Structures are given as structure tokens and as C-alpha cells.
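What follows is a predicted structure for the sequence shown.
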Amino acid sequence: MSETTTTPKLPSTTGLENTAPIPSAADVPLADILPSNPRLFSENRWEEYFARLRAEDPVHFNETESAGRFWSVTRYEDVKKVDTDWQRFSSAQGITLGFPVDGPRPEGMLNLSTFIAMDPPVHDVQRKTVTGVVAPGNLVNLEPLIRERTCRVLASLPDGETFDWVDTVSIELTTMMLATLFDFPFEERRKLTRWSDITFAIPQPGGIIETIEQRREEMLECLEYFTRLKEERLKRPGNDLVSMLAHGEDTKDMPPMQYLGNLLLLIVGGNDTTRNTMSGSIYALNRFPDEYDKLTANPALIPKMVPEVIRWQTPLAYMRRTANDDCELGGKQIKKHDQILMWYASGNRDEAVFDNAAALDIERPNSRAHLSFGFGLHRCMGNRLAELQLRVLWEEILTRFERIEVQAEPERTLSSFVKGYTYLPVKVTRR
């Protein structure tokens with residue numbers, strides 16, 4: 001009997017229509033578990049659901065009206081297997097859960113393309129054009145600037161007053177870094193934050209965006225802005241991402257939607273991931289105060305803490321691939337054009353690889369084996385920059401603060417893709 005006859009077709013990929021409390025994972029029929037429901041993440045209920053899938057159905061099938069057929073891969077080794085096999089599992093149809101390959105696009109949706117949503121050889125040459133900005137030599141040059149800005153932001157924090165760490169520190173630091181990488185007008189840098197936020201936001205009343213049309217309009221504003229920057233850099237090139245795209249032999253003639261897609265990829269890659277790991281580090285060390293004590297007693301543990309926080313937080317919960325042909329994975333029969341979601345967040349909680357995986361352990365011996373940056377040819381090109389920013393942040397935190405204390409549970413991003421925080425109230429106590 002086929003999967004489509006044994007598994008019910010669910011009405012939505014979002015689950016936003018259902019406002020009832022999320023039940024315990026044990027109380028939901030296995031076939032009805034919908035890992036892509038963003039409420040699992042915004043309400044921080046995701047871990048129990050993925051623990052059940054890893055134990056009972058590690059390659060889990062869903063079919064919805066909007067997205068068609070898709071599989072959730074939840075164990076570490078299976079995720080790694082898909083991520084390193086681009087011949088069978090393609091990125092060319094998109095990196096997030098979308099719609100059937102042969103299905104219509106939602107009205108008003110832009111047809112963007114990015115090099116992360118491409119396979120070799122096109123992926124390789126476009127990626128190579130911009131990797132110089134995060135090359136080791138350039139990171140050495142960037143570190144003093146990162147440290148100077150970090151010191152300035154931390155020095156400005158109010159003592160003994162509750163404030164939002166996300167906006168005051170995480171967004172500010174990452175947006176300043178993005179402005180530098182793009183050589184973007186510094187006084188308008190929060191435009192980058194906005195464009196990053198809307199890229200994967202779920203349209204809803206009162207949300208970051210309310211309609212697909214609103215996202216389209218704002219993305220076209222982004223394209224218009226960066227087209228002006230590209231024209232300027234064609235005349236006066238620099239060592240920034242816009243100049244690299246404008247002058248690169250394989251990128252200078254990109255059509256507008258591909259240019260915009262690659263810009264948004266670089267903006268999100270440099271913004272959402274780092275800012276949510278910065279916020280996640282504060283939250284995690286408050287959740288595990290013994291680890292915080294260990295770190296304050298021995299700041300030399302920061303280089304070990306950094307990859308462990310990135311594992312524990314997993315700022316992008318999954319990446320999508322699409323099957324090029326019928327194939328078998330984990331004992332399940334995958335059909336050509338089926339979508340496969342590689343759940344990095346779940347693989348990073350796999351007890352077969354990470355002992356006591358739900359806990360933060362800043363001395364974990366294999367923390368660098370985490371999935372958060374992906375594997376294979378699509379491995380995050382900015383991973384070293386992200387680690388550098390987090391390391392510098394904590395080096396400067398420990399020199400000036402006795403403690404950063406979380407005052408209440410954070411508000412989390414309504415997304416099953418970007419796993420992050422929208423508000424984190426904290427107080428700092430200076431040394």
C-alpha cells in the first residue's frame with residue numbers, strides 16, 4: 001500500500017488555522033504529526049515531537065494541499081546522507097518547503113533564484129565569487145572592527161534595568177556587520193534587518209508582513225536599492241559583496257530576480273543565523289546555569305562553548321532538497337519530485353550522536369560535529385564569521401559583566417525554518 005493511501009492529506013503546512021493548545025506529542029497519531037507547523041517552534045514544543053519521530057518514524061511522510069508530498073528526515077546520519085548527495089537530492093527547486101514542483105506558485109510570489117538553490121556547476125562558480133569576503137585573511141582584518149563595535153554596544157547597556165537583548169545587542173551587532181560586508185549606507189542599516197525579517201515571514205494579520213503582496217513590494221524595494229548600489233560599484237568597485245557580484249565573471253550579468261535572490265540569501269545568512277545564536281547563547285546559559293558558572297570561572301572555554309551553542313540553538317531548523325528520481329531512504333520509498341526536509345534541529349538532538357543532547361554542555365567533545373552549518377557543497381560559507389562574532393561577544397561579556405540574567409521566557413519566531421527569538425528581556429550586572 002502506498003504512502004499516499006496510508007497517510008491523510010493534511011490541510012495546511014502552517015497549522016496557523018488551529019489555535020487550540022498544542023497537545024503532547026504522545027497524544028497525536030503518528031501520521032498526523034506535522035513537523036512544519038511553525039507553532040511547534042514559536043511555542044517551543046518542537047523537541048518532544050522530533051524525539052518521537054526519531055524514535056518511531058525517522059523518515060516521516062506528510063502531504064498537504066499547499067505543499068504536496070514531503071518527507072521529514074530527523075536522524076543525524078540520514079540528514080547527513082541527504083545533505084552530501086546532491087546528485088540524488090537537488091537544491092534547484094528551493095531550500096524551504098514550498099509547493100509541488102509542477103504546481104502553481106501563489107499569486108504575487110516572486111520567482112527568485114539563489115546559488116544555494118542551485119546544483120553544480122552553476123552553484124560552485126556563483127558561490128566562489130563571494131566567498132572572498134569571509135576568507136580567513138579578511139576575517140583577521142574584520143576582528144578589530146567587530147571587537148570595537150561589540151565593546152561600544154555592551155558599554156551602552158543599562159545597568160539593573162530590563163531591556164530587549166534581541167534588538168539592543170543581537171540585531172544591532174549583526175546588522176552593523178552586514179552593512180560592512182555590503183558597504184551599505186550605515187545610517188540605513190536597519191533596512192537590511194527588515195529585508196531579512198520579511199524573506200521567510202509567514203503572512204498573517206498583525207505579523208511582520210500581512211500579505212504575500214506586501215512581501216513582494218518590499219522585496220522589489222530591496223532590489224531597487226541594491227541595483228543603485230550595483231551601478232555605483234560598477235564605477236567605483238570595493239572589497240564588498242555588491243562589488244563582487246557586480247564584477248564577478250559569473251555573476252555580473254545575473255537577471256534581476258537572481259541578483260535579488262542572492263542578495264536576500266546573503267542578508268539572511270549574515271543576519272538571522274548569527275543574531276539568533278547570539279540571543280540563544282544568553283538564553284541557553286541561563287537555562288543551564290552550571291554551564292554559565294563554568295564559563296565565567298574559566299573564559300578559556302569560550303572556543304568550546306561557541307560550537308556547542310550553535311549546535312544547541314540550530315538557527316535554521318531545516319533545509320529542503322528535492323528528489324531527482326525515485327529512491328529509497330531509511331526504508332521508505334521516495335518518489336521523484338518529493339520534497340525532503342533535512343531537520344538540522346532534530347539531528348542536533350540525536351542521542352545516538354550527542355550524549356544528553358537536549359542539554360548545553362560547553363565541554364562537549366564532539367560539538368563541532370553539529371549539523372547547523374550543513375554538510376557538503378552547500379555548507380554555510382559564513383560559518384567562521386559567525387563563530388568569530390560569537391567568540392568576540394562572549395570574550396567582551398565576561399570582561400565586564402558578572403551576569404546577564406533572563407527575566408522571562410523569550411518570544412520566539414513564528415517559523416519552522418528560522419529558529420530564533422523576537423524578544424528576550426534581560427538585566428545585566430556589571431563587574
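Sure thing, it's come through.

what pLDDT does Pro256 get?
At Pro256, the pLDDT value in this model is 84.

try Leu263
Listed pLDDT for Leu263 reads 82.

What of Tyr292?
pLDDT recorded at Tyr292 is 98.

Would you mind stating the distance between it and Asn239?
To Asn239, Tyr292 is 38 Å away according to C-beta to C-beta, to the nearest Å. Backbone N, C-alpha and C define where each C-beta goes, glycine included.

Give the buried residues for stretch 254-270.
Under the neighbour-count criterion of 16 or more other C-beta atoms under 10 Å, stretch 254-270 has 254, 258-270 buried.

between those, which is nearest Thr422?
Closest to Thr422 out of these is Val268 (15.4 Å), distances taken as C-beta to C-beta.

Do I have it right that that closest one meets Arg194?
No. Using C-beta atoms under 8 Å, Val268 is not in contact with Arg194; the gap is 12.0 Å.

Could you find the residue nearest the spatial middle of the protein?
Centroid check for the chain by C-alpha atoms, centre = their mean gives Leu316 as the closest residue, at 2.8 Å.

who are the neighbours in contact with that residue?
Residues counted as contacts of Leu316 (C-beta atoms under 8 Å, 6 or more residues apart in numbering) are Asp272, Thr273, Tyr344, Ser372, Phe417, Val418, Lys419.

rerun at 7 Å
Residues near Leu316 by C-beta atoms under 7 Å, 6 or more residues apart in numbering: Thr273, Tyr344, Phe417, Val418, Lys419.

Leu398 now?
Applying C-beta under 7 Å, 6+ apart to Leu398 gives the contacts Thr296, Pro299.

how about a cut-off of 6 Å?
Taking C-beta atoms under 6 Å, 6 or more residues apart in numbering, we find Leu398 in contact with Pro299.

any idea how far Gln258 lies from Gly374?
Distance, Gln258 to Gly374, using C-beta to C-beta: 21 Å.

for this structure, what spans make up the strands?
When secondary structure is read from DSSP state E, the chain shows strands at 9-10, 59-64, 68-73, 89-90, 163-164, 318-323, 327-329, 332-334, 339-343, 401-406, 411-412, 421-423, 425-430.

just to revisit the earlier point, higher neighbour count, Tyr292 and Asn239?
Set side by side, Tyr292 and Asn239 show more neighbours around Tyr292, with 20 against 12, by other C-beta atoms under 10 Å.

Run through the stretch 51-200 of the chain and note the low-pLDDT ranges.
99-139 (pLDDT under 70).

Nearest to Pro410 among the contacts of Leu316?
Closest to Pro410 out of these is Lys419 (11.9 Å), distances taken as C-beta to C-beta.

Tell me who's in contact with that closest one.
When the contact criterion is C-beta under 6 Å, 6+ apart, the partners of Lys419 are Phe41, Thr314, Pro315, Ala317, Ala345.

likewise Glu56?
Counted by C-beta under 6 Å, 6+ apart, Glu56 has contacts Leu30.

Distance of it relative to Glu77?
Distance of Glu56 to Glu77, given as C-beta to C-beta: 17 Å.

What of Trp343?
Trp343 sits 13 Å away from Glu77, going by C-beta to C-beta.

Pick out whichever of those two has more residues nearby.
Using other C-beta under 10 Å as the criterion, Trp343 and Glu77 rank with Trp343 on top: 30 against 13.

Across the sheet, point out what pairs with the more buried one.
Legend: beta-bridge partners of Trp343 under DSSP bridges are Tyr318.

In this structure it contacts Arg320, no?
No. Using C-beta atoms under 6 Å as the test, Trp343 is too far from Arg320 to be in contact (10.4 Å).

sorry, back to before: take the strands of the chain and lay them out in a markdown table including distance to Asp361.
A markdown table is the format used below for those (distance: least, C-beta to C-beta, whole Å):
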| stretch | distance to Asp361 |
| --- | --- |
| strand 9-10 | 36 |
| strand 59-64 | 28 |
| strand 68-73 | 25 |
| strand 89-90 | 31 |
| strand 163-164 | 28 |
| strand 318-323 | 24 |
| strand 327-329 | 30 |
| strand 332-334 | 33 |
| strand 339-343 | 21 |
| strand 401-406 | 19 |
| strand 411-412 | 23 |
| strand 421-423 | 21 |
| strand 425-430 | 23 |
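
which one of those strands is the most hemmed in?
Highest mean neighbour count among the strands of the chain (mean count of other C-beta atoms under 10 Å): strand 339-343, with a mean of 27.

Output that strand as PDB, restricted to C-alpha atoms.
The C-alpha trace of strand 339-343 is given here as PDB (Å, rounded to 0.1, in the frame of the first residue of the first chain):
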ATOM      1  CA  GLN A 339      10.500  17.300  -1.100                       C
ATOM      2  CA  ILE A 340      12.900  16.200   1.600                       C
ATOM      3  CA  LEU A 341      13.300  18.400   4.700                       C
ATOM      4  CA  MET A 342      16.600  17.800   6.500                       C
ATOM      5  CA  TRP A 343      15.800  18.700  10.100                       C
END
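
Against which helices or strands is that strand packed?
Using 3 or more C-beta pairs under 6 Å, 6 or more residues apart in numbering; DSSP states H and E, the elements in contact with strand 339-343 are strand 68-73, helix 76-83, strand 318-323.

With distance to Gly206 added, can I get these in TSV?
Formatted as TSV, the helices and strands packed on strand 339-343 follow (distance: least, C-beta to C-beta, whole Å):
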stretch	distance to Gly206
strand 68-73	28
helix 76-83	34
strand 318-323	26
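
quick one, which of the ones you listed is nearest to Tyr423?
Checking those against Tyr423 by C-beta to C-beta gives strand 318-323 as the closest, at 23.4 Å.

what does that closest one rub up against?
Under the contact criterion C-beta under 6 Å, 6+ apart, strand 318-323 has outside partners 82, 89-90, 93, 95-97, 334, 336, 338-343.

And those residues, which is closest to Ile171?
Among the contacts of strand 318-323, and counting by C-beta to C-beta, the member closest to Ile171 is Thr96, at 21.9 Å.

That closest one reaches Val418, doesn't it?
No. With contacts counted by C-beta under 6 Å, Thr96 stays clear of Val418, the gap being 9.7 Å.

what about these two, which has more around it?
Taking neighbours as other C-beta under 10 Å, Thr96 and Val418 compare with Val418 leading, 24 against 18.

where's the more buried one relative to Leu40, distance?
13 Å.

same check, this time on Glu56
17 Å.

swap in Trp46?
4 Å.

quick one, which of the two is more surrounded?
Between Trp46 and Leu40, counting by other C-beta under 10 Å, Trp46 is the more crowded of the two (25 against 22).

I figured that one hits Pro38, correct?
No. Contact criterion C-beta under 6 Å: Trp46 and Pro38 do not qualify, at 9.7 Å.
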